[in-house]
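*Asks:* this one's sequence-less:
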């Protein structure tokens, strides 16, 4: 059974899970915030320093990510009140998104990888292989089907 | 050997391939543009209709994605001149990023998946499994190392 969806506004254009995901984490700071919390940096000041996000935009994004259910805020000191940020299950699930973005960036956007991630005794790699059958993902082996009435892969179907 | 990196501006905060990738494709329309071209919708009007992007922002994003090397523009009619958009190799490589965003969105951001993608005879799934060893990716099996002087996973190292 699937978990309950996060609170997502309707998307423009094609009904699409990618568009719905980007409504939650499509701002460029959002994934960098998740990156820092995943790295174990939970406090506002740490996240601000390590992302380089302007403090006012960071505060707004943190609030949105808590409201959306990607982060939760926990009080770690009562007086004066101080809180930090932790990933929910939905937030931890973004680890895969960060990893494939890192793989793409390592290949196409940097001279040499600034971080390496080891999985057991080898470099972690997720992209390019189907986890169901273990075979490479090639465009010619894929077929797509839209389940939304009035849309197909080319766009909205013409009204009768 | 790695291909030459796309033209990416320096990132704020932590030196990071994810941040570098998001400098190129971090705007929410960018990945939806790539989605449409991947689906075979190459023309401005098709991309505008299927993403719901405002036309002026779409025109700006298309120009940036061509300049960055994710898309290429091809003339398909000489008089009057008309061109459409195709994915470069770097652009086709974003298929993996779209797929894991779709998997996350299917799980967390929609009531039921609007599109299904079949790989051979089963539903395509990429996330959660290491393509090197075929084993699930669990946080406890990962170790990260920064290769940039003056930074570690907690942030910038204090100056001596």
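*Replies:* Nice, I can see it. Every value quoted in this text rests on a predicted model; they were computed, and no experiment measured them.
*Asks:* now do the helices in chain A.
*Replies:* A:17-25, A:28-38, A:44-51, A:55-68, A:89-92, A:95-108 (DSSP state H).
*Asks:* the first one vs chain B: in contact?
*Replies:* I take that to be helix A:17-25. Yes - using C-beta under 8 Å from any C-beta of the partner chain, helix A:17-25 comes into contact with chain B via A:17, A:18, A:19, A:20, A:21, A:22, A:23, A:24. All C-beta spots, glycine's among them, are computed from the backbone N, C-alpha and C.
*Asks:* again, but for the shortest one
*Replies:* Yes - shown here: helix A:89-92 in contact with chain B (C-beta under 8 Å from any C-beta) through A:90, A:92.
*Asks:* would you mark the buried spots in that helix?
*Replies:* A:90, A:91 (16 or more other C-beta atoms under 10 Å in any protein chain shown).
*Asks:* dump the residue contacts of the most centrally placed residue in chain A.
*Replies:* Nearest to the mean C-alpha position of chain A, by C-alpha atoms, centre = their mean, lies residue A:94 at 4.3 Å. Applying C-beta atoms under 8 Å, 6 or more residues apart in numbering or on different chains, we find residue A:94 in contact with A:25, A:31, A:34, A:38, A:70, A:87, B:104.
*Asks:* again, 6 Å this time
*Replies:* By C-beta atoms under 6 Å, 6 or more residues apart in numbering or on different chains, residue A:94 lies in contact with residue A:34.
*Asks:* re earlier: could you dump the residues of helix A:17-25 next to chain B to JSON lines with neighbour count, pLDDT and distance to residue B:139?
*Replies:* Below are the residues of helix A:17-25 next to chain B laid out as JSON lines (neighbours: other C-beta atoms under 10 Å in any protein chain shown; pLDDT from 0 to 100; distance: C-beta to C-beta, whole Å):
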{"residue": "A:17", "neighbour count": "25", "pLDDT": "96", "distance to residue B:139": "24"}
{"residue": "A:18", "neighbour count": "28", "pLDDT": "96", "distance to residue B:139": "25"}
{"residue": "A:19", "neighbour count": "28", "pLDDT": "96", "distance to residue B:139": "28"}
{"residue": "A:20", "neighbour count": "26", "pLDDT": "95", "distance to residue B:139": "25"}
{"residue": "A:21", "neighbour count": "29", "pLDDT": "96", "distance to residue B:139": "21"}
{"residue": "A:22", "neighbour count": "23", "pLDDT": "96", "distance to residue B:139": "25"}
{"residue": "A:23", "neighbour count": "20", "pLDDT": "93", "distance to residue B:139": "26"}
{"residue": "A:24", "neighbour count": "25", "pLDDT": "94", "distance to residue B:139": "21"}
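*Asks:* TSV for those, including distance to residue B:128?
*Replies:* Shown next, in TSV, are the residues of helix A:17-25 next to chain B (distance: C-beta to C-beta, whole Å):
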residue	distance to residue B:128
A:17	16
A:18	18
A:19	22
A:20	20
A:21	16
A:22	20
A:23	23
A:24	19
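*Asks:* most neighbours per residue, which of the helices of chain A?
*Replies:* Stretch with highest mean neighbour count among these: helix A:17-25 (a mean of 26; mean count of other C-beta atoms under 10 Å in any protein chain shown).
*Asks:* how far off centre is that one?
*Replies:* Relative to its chain's centre, helix A:17-25 lies at 9 Å (C-alpha atoms, centre = their mean, to the nearest Å).
*Asks:* and the contacts of it?
*Replies:* Applying C-beta under 6 Å, 6+ apart, the contact partners of helix A:17-25 are A:8-9, A:11, A:31, A:68, B:28, B:32, B:35, B:98, B:101-102, B:104-106, B:109-110.
*Asks:* and for stretch A:110-117?
*Replies:* Contacts for stretch A:110-117 (C-beta under 6 Å, 6+ apart): A:106, A:124, B:5, B:15-17, B:20, B:142, B:144-148.
*Asks:* now it: mean pLDDT?
*Replies:* What stretch A:110-117 shows for mean pLDDT is 94.
*Asks:* mind checking the end-to-end distance for that stretch?
*Replies:* Using C-alpha to C-alpha, to the nearest Å, one end of stretch A:110-117 lies 16 Å from the other.
*Asks:* and what of stretch A:141-157?
*Replies:* The first-to-last residue distance of stretch A:141-157 comes to 25 Å (C-alpha to C-alpha).
*Asks:* and chain B, is it touching that?
*Replies:* Yes - using C-beta under 6 Å from any C-beta of the partner chain, stretch A:141-157 comes into contact with chain B via A:141, A:142, A:143, A:144, A:145, A:146, A:147, A:148, A:153, A:155.
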